[in-house]
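Novice: return atomic coordinates for the entry below.
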Amino acid sequence: MTRHFHFKALAVRSLVSALAGGGVGVTMAVKGLGVMALVGQQAVTFIASFVLLWISCPWRPDFRISLSAVREILVFWRGYIGNSVIGILNSNCDTFLIALFFGTRDVGIYNVGKRVRLMLQLVTSRPLNGTISSTLAEIQDDPGRLQRGILRGLTIVCTICAPIFIGTSAVSYDAIIVGFGQKWIETTPVLQLLAISGFCMVLQLFNDNIFIIHKRQAWCMYVALMYFVLSVLAFCVCSKLQVSAFALPFVLPYICVIPFSFFLVSQLVNISLREWLSAMLPGISSAIAMWLAVKLLQHQLQDVSNLVRLVASCLAGGIFYVMALWVLWRKQAFMTLDIVRHILQRRS
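Specialist: A predicted model of the protein is given here:
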């Protein structure tokens, strides 16, 4: 259904299943079932999701088996499973290392910032990258169209995601206080760093999709393994230097990982460094300018409440970002609007 852009049906399925699971979980919690409420919520969510997917998808499996297709799937799976294992390590090594070296209190502080980053990725990068990867998969046999599609896809990813993640870094102080309370104020520097790493993860996911399209699943594993090793080494160094920003070791590796990943992609699709930078620069440069403008505004609004400053910063940042993009990168702005309009038409 993703390949055929049936996103409306998928969105309805996700919403209904989440509401069903949430309703069951809340009901069980009210009746005093304790932790079993979480079990019931998860079980009902996935069962409802499965049933709704079966109803909404017209395709049905049959008993015909293609040995050639089985071999192709197994070859694909063999190259992808290593990346999945490394991905699990990358997702959990930060929490494990912080718990081991700093303690449970700092793990709680770190996980609040990590939860916000995961939420941003869930609502922005995953659907966006999913749509773009499906589009690229359709044109993978046409090198010229694929090259242009990759550059346009990278432009739209940076244009949409850069202001969200970089903007979150700018308003992290007020966002933590308003969203979680004064007691979690120590999460502010964690969220500032993790928001930047979240944008790097979006770029890496974009590159991973290109590796998969070209059946280079092992390359995803190499990049993920590189990040894992560098993050562990950076954590050990920062611990010995007694660096208090314990999220920093999980951001620094991207300085090496992202360029290396783009280098591998350029070997597959023959895209130069200048073309990469031209595709990324409009969104990133406008987002950085927005970050500076928001910081300047926050300095002027020190005497107002956190909620008012947060709302004002978000509104002003959004307006300034659009203006910067429109004035400095008008061609890319028009292209992004056309691509978004095209995606929305296909999704409808």
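Novice: neighbours of W59, how many?
Specialist: Residues near W59, counting by other C-beta atoms under 10 Å, number 7. Heads up, the C-betas are built off the backbone N, CA and C, glycines and all.
Novice: also D142?
Specialist: Under the criterion other C-beta under 10 Å, the count of neighbours that D142 has is 11.
Novice: pLDDT score assigned to it?
Specialist: pLDDT, D142: 78.
Novice: which phi and psi values does it adopt?
Specialist: With angles defined as degrees, to the nearest 10, D142 sits at phi -110, psi 100.
Novice: give the burial count for H299, as a bare number.
Specialist: As a burial measure, the neighbour count of H299 was computed by other C-beta under 10 Å and equals 8.
Novice: that should have said S231, apologies.
Specialist: As a burial measure, the neighbour count of S231 was computed by other C-beta under 10 Å and equals 23.
Novice: leaving out sequence neighbours, find the closest residue to N270.
Specialist: Q147 (6.9 Å; C-beta to C-beta, 6 or more residues apart in numbering).
Novice: Y110 versus that neighbour, what's the distance?
Specialist: Q147 sits at a distance of 40 Å from Y110 (criterion: C-beta to C-beta, to the nearest Å).
Novice: same check on M119?
Specialist: According to C-beta to C-beta, M119 stands 15 Å off from Y110.
Novice: quick one: mean pLDDT over the one helix or strand L268 maps to.
Specialist: Remark: L268 resides in helix 254-269, with elements defined by DSSP states H and E. Per-residue pLDDT values across helix 254-269 average out to 90.
Novice: check which residues of it are buried.
Specialist: Under the neighbour-count criterion of 16 or more other C-beta atoms under 10 Å, helix 254-269 has Y254, V257, I258, S261, F262, L264, V265, L268, V269 buried.
Novice: got the contact list for it?
Specialist: Helix 254-269 is contacted from outside by 143, 146-147, 150, 197, 200, 203-204, 207, 210-211, 214, 216, 219, 222-223, 226-227, 230, 271-273, 276, using C-beta atoms under 8 Å, 6 or more residues apart in numbering.
Novice: cool, stretch 174-183 as well?
Specialist: Here stretch 174-183 has contacts from 112, 116, 168, 184-185, 187-188, 191, 298, 306-307, 309-310, 313, using C-beta under 8 Å, 6+ apart.
Novice: just the C-alpha atoms of it, please, in PDB.
Specialist: The C-alpha trace of stretch 174-183 is given here as PDB (Å, rounded to 0.1, in the frame of the first residue of the first chain):
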ATOM      1  CA  ASP A 174      10.800  26.800  27.100                       C
ATOM      2  CA  ALA A 175       9.500  23.600  25.500                       C
ATOM      3  CA  ILE A 176      10.800  21.400  28.400                       C
ATOM      4  CA  ILE A 177       9.300  23.700  31.100                       C
ATOM      5  CA  VAL A 178       5.900  24.000  29.300                       C
ATOM      6  CA  GLY A 179       5.700  20.300  28.300                       C
ATOM      7  CA  PHE A 180       7.300  18.500  31.300                       C
ATOM      8  CA  GLY A 181       7.600  21.000  34.100                       C
ATOM      9  CA  GLN A 182      10.400  22.900  36.000                       C
ATOM     10  CA  LYS A 183      11.800  19.700  37.500                       C
END
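Novice: chain center to it: distance?
Specialist: The gap between the average C-alpha position of stretch 174-183 and the chain average comes to 22 Å, counting by C-alpha atoms, centre = their mean, to the nearest Å.
Novice: list the buried residues for that stretch?
Specialist: Of the residues in stretch 174-183, D174, A175, I176, I177, V178, F180 count as buried by neighbour count, 16+ other C-beta under 10 Å.
Novice: next one: stretch 86-95
Specialist: Burial within stretch 86-95, assessed by neighbour count using 16+ other C-beta under 10 Å, is assigned to I86, G87, N90, C93, D94.
Novice: what packs against whatever helix or strand I319 lives in?
Specialist: I319 is part of helix 306-328, with elements assigned from DSSP H and E. Under the contact definition 3 or more C-beta pairs under 8 Å, 6 or more residues apart in numbering; DSSP states H and E, helix 306-328 sits against helix 143-170, helix 172-180, helix 273-300, helix 330-347.
Novice: which of the ones you listed sits closest to A48?
Specialist: helix 330-347 (22.3 Å; C-beta to C-beta).
Novice: where does the prediction get shaky in the stretch 101-250 of the chain?
Specialist: Low-confidence segments of the stretch 101-250 of the chain, defined by pLDDT under 70, span residues 126-127, 130, 241-244.
Novice: let's go with 90 and repeat that
Specialist: Using pLDDT under 90 as the threshold, the predicted model of the stretch 101-250 of the chain has low-confidence ranges 101-161, 177-190, 205-222, 224-225, 235-250.
Novice: quick check, W276 in contact with L154.
Specialist: Yes - taking C-beta atoms under 8 Å as the contact criterion, W276 and L154 are neighbours in contact, 7.3 Å apart.
Novice: between these two, which one's more packed in?
Specialist: Taking W276 and L154 together and counting by other C-beta under 10 Å, L154 has the greater number of neighbours (24 against 18).
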